[in-house]
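>>> I'll drop the sequence and a predicted model, then ask my questions.
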Amino acid sequence: MTTVHSATQMQPNHFAVFHAAARMKFTVEFMRTAGKVVLQPSGQLDETTTSQLEREVACWLNRGEKTLVLDMKSVEVVRKEGLSGILRMGTLLEQAGGSLVLCGLSGSAGYVFRMYGVDGMFETFEDVEEFENQARSSRVIN
């Protein structure tokens, strides 16, 4: 069974941001599936929101989670700061002996990743369901 939690419920006002310039709210929800934490950001990844996502990744790493899944299906826009931040998150997890796995790279977010060749730097899956199936069948993901 997959349980979804809102990070804003866990830490009030920490991961829900109303982005005035873009008029969109940024949130990060999480769930645990196939033994891994899946972070589900929604909205726009820019300088402000990416730093919040990086703090969330650091919190999970401090809790002993070395491999995290980032489900990008609800991310509408990825700015250059967002792309750089995701690279930093991947490096941080690799240095800890884990990895950052990406899911849901479609639409404009996926286009940005493919345009800069960043999608090839991570293990990627079409969606969380594909990740779950692969993780359960192979058990090769840390």
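Now that the structure is in, tell me what you want to look at.

>>> Name the residues of stretch 110-120 that come out as buried.
The neighbour-count check on stretch 110-120 (16 or more other Cβ atoms under 10 Å) flags 110, 112-113, 118 as buried. Using the backbone N, CA and C atoms, a C-beta is placed for each residue, glycine as well.

>>> What's the first helix or strand after the one helix or strand residue 102 maps to?
Using DSSP states H and E, residue 102 sits within strand 99-103. For strand 99-103, the succeeding helix or strand toward the C-terminus, using DSSP H and E, is helix 107-115.

>>> low-scoring stretches of this protein, by residue?
1-24, 139-142 (pLDDT under 70).

>>> Helix, strand, or coil at the most centrally placed residue in it?
The centre of the chain sits closest to residue 70, judged by Cα atoms, centre = their mean, with a distance of 2.5 Å. Here residue 70 is recorded as strand under DSSP: H, G, I helix; E, B strand; the rest coil.

>>> Could you tell me the end-to-end distance of stretch 64-80?
29 Å (Cα to Cα, to the nearest Å).

>>> before we move on, what about stretch 61-71?
Taking Cα to Cα, stretch 61-71 runs 17 Å from one end to the other.

>>> Tell me the gap between it and the middle of its chain.
Remark: stretch 61-71 is offset 10 Å from the chain centroid, using Cα atoms, centre = their mean, to the nearest Å.
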